[in-house]
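*Asks:* no FASTA, just this:
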DNA sequence: TAAATTCATGACACCGGTGTCATAATGTCA
DNA sequence: TGACATTATGACACCGGTGTCATGAATTTA
């Protein structure tokens, strides 16, 4: 059983390679009769074009790369889900590439990636979207890219984000509206722009209610569950203990909840806990976490969709959009007694 | 700035393409002087070979595909982690491809995948590893594959699994040793071979202690958190209520825990709960879940490593291994009162 | 009906590498 | 030093598609 190529189809159908190629790509200037004949041979020989050969001729791979370095696995899962949807709709494939954000190796690493697998475009997920050096590297290599959930970098690339500052503001407002004045805050990973944004929103809300900002209530986390445990320990040891904790993501909030419960504290009666992201864990635990729902899948899907259409036909003006997030109240927050 | 290809390097260095290719691939029969010269030109022109052209000539893509359809996202994350490690060590890349297991579309879907992106090999994760039709399809297309955590299919392909039956046996033994006799069981997804295996282990343990199997204690789940909630509801409504629940994975166990807690039951005092997999959630909740730790990452890593070495050099005998799992006791199980 | 235009098709180069084989250069041995 | 083996190198075809352009046939226009 020999391999079926465009040549075998051509000779079988008694036409030239080029004509077969025309049929393959729905190009004009093929008579109906010829088209029929070629299509019949496709069926008969069970022909499928070789994507690599096509890639060589057109200098395309139909593969999008997804770059990430994120302590929150569920966030990555959501990013992938959105990216995959966009790829599927456009007959693209998704290649995943985790790599360390810190360290000089990054650019080399990406260079290696581009060498071993030519990608048509790259999605930069946090924190990569805010790394100017990487952006300019990709530009120099002429690799199109799209940024997801990145706040800082002002460039002319595709970018889909949500308003972290506003989300954090709203959830803090929610806590304050419940009577809380002593609200601890757990920061996210310092490399992520969301970390600063969420912190800003927290402070803006406090300020708008005349609540004095207290540095002792702020802990440095890094979005991982483990860092949440450490921060929770410090916070729960405070005296007087804050009446509420706002963690920069749900993993860290879950850690606070676990530690508080272990210490016999009732949530939310003794302490209210709020998270961010609406990760699966927020509804998998009891009490469920009050949080901000971010459309991570949707953001990524839009980013990748735009990226693909940009690849097919470079746009004049970049697609830059901010999607809405919304407050979800569950059982982990309640009015102060 | 023109593109740098093997031709530009060749003319720059004053040698033939083929000699450049030899240097590129560390082939013998290149004089030291020539090699130096060519390497210098590589640097000077900042040359990187085009993977697509190489792929066309060698009929390889250096990409492994990972096929999955799994309700447990964290399981997929772990599979990816293991697969990525193996890929990284071998300069391969990983393309992810979720697709529906059920339905006739599957084979077409895979065919499409192979068309749009030539893969050097495929990792089949549960439940795909047990689908004989898919295996024979891949064989007919001459695409090497490796199976992860698959129990049933007896074929001559690479397979790395762990002993689900034994794990379920051990965790049931653990519950029985704590004095439990009325142990509810939540099954996994019917398409997954692990589902039957775990059920078998549960029954074997009961039988070995002369505990009569009671069908009313068995609920049909599908590995998703949501299905766990439904099953938990039925189980907690039973009268008399079982003193322990063994769910076929940690997500469903977490659902039982949440519902029990919501209903003011104390875990483990009022009811013991055990899971399977040692997913992150098992230690992110309070009380932590007693569970069976499966080396999912390691299984996948070994499978992919073998797959890649098989691609480079087809082996005579297939690599088929069963890795150990182990019992992890946490706070969700205790001796009956 | 002749000239001009449009359409259908194929020949051929090309994408950027690798494999095969011939040949020139060098080394080894008697 | 001649016969022979070994090493270094390049010419050229090939992988399986696509792009460019020439050509002959069919159709329209004057």
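*Replies:* Perfect, I can see it now. Note that the coordinates shown come from a computational prediction; the quantities given were computed from them, not determined experimentally. Numbering: from 1, shown residues only, chains lettered A, B, ... in the order given.

*Asks:* distance of the residue in the stretch 201-337 of chain A that DNA strand C sits nearest to from residue B:48?
*Replies:* Residue of the stretch 201-337 of chain A nearest DNA strand C, by Cβ to the nearest atom of the strand: residue A:311 (17.5 Å). Bear in mind the C-beta positions are built from the backbone N, C-alpha and C, glycine included. Noted for residue A:311: a distance of 20 Å to residue B:48, by Cβ to Cβ, to the nearest Å.

*Asks:* So for the two, which residue has more residues nearby?
*Replies:* Higher neighbour count among residue A:311 and residue B:48: residue A:311, with 17 against 14, using other Cβ atoms under 10 Å in any protein chain shown.

*Asks:* Just list the residues touching the more buried one, thanks.
*Replies:* A:60, A:120, A:121, A:144 (Cβ atoms under 8 Å, 6 or more residues apart in numbering or on different chains).

*Asks:* Adding secondary structure as columns, could you present the residues you listed in CSV?
*Replies:* Shown next, in CSV, are the contacts of residue A:311 (DSSP: H, G, I helix; E, B strand; the rest coil):
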residue, secondary structure
A:60, coil
A:120, coil
A:121, strand
A:144, coil
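
*Asks:* Which two of the residues you listed have the greatest separation?
*Replies:* Across the contacts of residue A:311, the longest distance by Cβ to Cβ is 11.5 Å; it joins A:60 and A:144.

*Asks:* Give me the more crowded residue out of those two.
*Replies:* Between residue A:60 and residue A:144, counting by other Cβ under 10 Å, residue A:144 is the more crowded of the two (19 against 16).

*Asks:* nearest residue to the more buried one other than its sequence neighbours?
*Replies:* Spatially, and ignoring its direct neighbours in sequence, residue A:144 is nearest to residue A:121 (4.4 Å; Cβ to Cβ, 6 or more residues apart in numbering or on different chains).

*Asks:* do the same with residue A:135
*Replies:* Counting by Cβ to Cβ, 6+ apart, residue A:155 is the residue found nearest to residue A:135 once chain neighbours are left out, at 5.8 Å.

*Asks:* What is the burial count for that neighbour?
*Replies:* 16.

*Asks:* Tell me the buried residues in the helix or strand of chain A with the lowest mean pLDDT?
*Replies:* Ranking every helix and strand in chain A by mean pLDDT, DSSP states H and E puts helix A:105-116 at the bottom, with a mean of 84. By 16 or more other Cβ atoms under 10 Å in any protein chain shown, the buried positions in helix A:105-116 come out as A:106, A:109, A:110, A:113, A:114, A:116.

*Asks:* where does that helix sit relative to the chain's centre, distance-wise?
*Replies:* When distances are taken as Cα atoms, centre = their mean, to the nearest Å, helix A:105-116 is centred 20 Å away from the chain's centroid.

*Asks:* again with stretch A:172-182
*Replies:* Chain-centre distance of stretch A:172-182: 30 Å, with Cα atoms, centre = their mean.

*Asks:* returning to what we had before: thought the residue nearest to residue A:144 was touching residue A:64?
*Replies:* Yes: between residue A:121 and residue A:64 there is a contact under Cβ atoms under 8 Å: 5.2 Å.

*Asks:* any shared contact partners between these two?
*Replies:* Common neighbours of residue A:121 and residue A:64 (criterion: Cβ under 8 Å, 6+ apart): A:307, A:308.

*Asks:* Between those two, which is the more surrounded one?
*Replies:* residue A:64 (27 against 21).

*Asks:* Confirm that that one sits in a helix.
*Replies:* No: under three-state DSSP, residue A:64 sits outside any helix and is assigned strand.

*Asks:* now check stretch A:210-223, is it near chain B?
*Replies:* No: against chain B, stretch A:210-223 shows no contacts by Cβ under 8 Å from any Cβ of the partner chain, the least distance being 13.5 Å.

*Asks:* Can you give me the end-to-end span of that stretch?
*Replies:* 28 Å (Cα to Cα, to the nearest Å).

*Asks:* Secondary structure of residue A:18: a helix, I assume?
*Replies:* Yes: counting by three-state DSSP, residue A:18 is part of a helix.

*Asks:* Can you name every helix or strand that the helix or strand hosting residue A:83 contacts?
*Replies:* For residue A:83, the host element (DSSP states H and E) is helix A:73-89. If you count contacts as 3 or more Cβ pairs under 8 Å, 6 or more residues apart in numbering or on different chains; DSSP states H and E, helix A:73-89 packs onto strand A:63-68, strand A:93-98, helix A:296-312, helix B:73-89, strand B:93-98.
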